[in-house]
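Enquirer: Here is my input; please provide its structure:
(chains A and B)
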Amino acid sequence: KAGVTQTPRYLIKTRGQQVTLSCSPISGHRSVSWYQQTPGQGLQFLFEYFSETQRNKGNFPGRFSGRQFSNSRSEMNVSTLELGDSALYLCASRQGLNTEAFFGQGTRLTVV
Amino acid sequence: KNQVEQSPQSLIILEGKNCTPQCNYTVSPFSNLRWYKQDTGRGPVSLTIMTFSENTKSNGRYTATLDADTKQSSLHITASQLSDSASYICVVSSRGGGSYIPTFGRGTSLIVHP
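Expert: Just a heads-up that it's a prediction; the model follows:
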């Protein structure tokens, strides 16, 4: 079974631009959640989608948004990028809402 | 505010020795506690999960303990190997909105020297 796939692996953007990151969950998994990881703050929860509906959201500004498609694939969008958005963005999928989460390799975003 | 504190921030040990990263949490309502291992440049991988009624869980050389009264957990790593060099992250989940919301610790960075 293929694992969680995130694309792209690396990305460089300039301030003010927007970016879209993609996550393909493990086959059969209906939940996809997104996290931001920085050296200063550690891992922080962004949001979780289950069956195309956002179930929970962390404390991030509205510039961070996401969606989930009918095939469970998910995208995360960040608009009006700031230098502080530079981070490793991790996606995790799980079968149900309280089952084990499996993480992807992450997308390393650098904002210059 | 839900919080997870881990100590120490970093740990350096010799191959073959044991170590025990710690985790203290103030998360309510408590649902479960997981320990993850994250290698540099990779996503976290789950090691153990414990619910309120469980106070110990093993996975090979990793043994996690949970004291729900004092809200503390530890991850005992036995006979360390070079491949154990990684960040060990404690994650405590609370139930909300029909789902489970995780609060992450900042991790203990372990370096195992030969």
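Enquirer: Only C-alpha atoms from now on, for both contacts and neighbour counts.
Expert: Will do.
Enquirer: Any idea how many residues pack against B:A64?
Expert: As a burial measure, B:A64 scores 24 neighbours (other CA atoms under 10 Å in any protein chain shown).
Enquirer: and it, what does it touch?
Expert: B:35, B:48, B:56-58, B:73-76 (CA atoms under 8 Å, 6 or more residues apart in numbering or on different chains).
Enquirer: Show me which residues of the helix or strand containing it are buried.
Expert: Assigned by DSSP states H and E, B:A64 belongs to strand B:62-67. By neighbour count with 16 or more other CA atoms under 10 Å in any protein chain shown, strand B:62-67 contains the buried residues B:62-66.
Enquirer: Let's see which of the contacts of B:A64 end up in helices.
Expert: Among those, no member falls in helices (criterion: DSSP state H).
Enquirer: so how far is stretch A:78-90 from its chain's centroid?
Expert: Between the centre of stretch A:78-90 and the centre of its chain there are 11 Å (CA atoms, centre = their mean, to the nearest Å).
Enquirer: same question, stretch B:6-17
Expert: Relative to its chain's centre, stretch B:6-17 lies at 13 Å (CA atoms, centre = their mean).
Enquirer: cool, stretch A:46-58 as well?
Expert: That offset, for stretch A:46-58, works out to 11 Å (CA atoms, centre = their mean).
Enquirer: and what of stretch A:3-16?
Expert: With CA atoms, centre = their mean, you get 10 Å for stretch A:3-16.
Enquirer: can you check stretch A:64-81 too?
Expert: Here stretch A:64-81 is found 7 Å from its chain centre; the criterion is CA atoms, centre = their mean.
Enquirer: And that stretch, end to end?
Expert: Stretch A:64-81 has its terminal residues 10 Å apart, counting by CA to CA, to the nearest Å.
Enquirer: related to what we said a few turns ago, closest one of the buried residues of strand B:62-67 to chain A?
Expert: The closest of those to chain A turns out to be B:A64 (CA to the nearest CA; 16.3 Å).
Enquirer: who's that closest one bridged to?
Expert: Using DSSP bridges, the bridge partners assigned to B:A64 are B:K57, B:L75.
Enquirer: Please report how far A:L46 lies from A:L83.
Expert: 18 Å.
Enquirer: More neighbours: which of the two?
Expert: Neighbours of A:L46 and A:L83, each counted by other CA under 10 Å, are more numerous for A:L46; the result is 22 against 13.
Enquirer: roughly how far is the one helix or strand that one maps to from the heart of the chain?
Expert: Assigned by DSSP H and E, A:L46 falls within strand A:42-50. When distances are taken as CA atoms, centre = their mean, strand A:42-50 is centred 7 Å away from the chain's centroid.
Enquirer: One more: stretch B:13-32?
Expert: Centre-to-centre, stretch B:13-32 and its host chain are 4 Å apart (CA atoms, centre = their mean).
Enquirer: quick one, what contacts B:T63?
Expert: Applying CA under 8 Å, 6+ apart, the residues near B:T63 are B:56-57, B:75-77.
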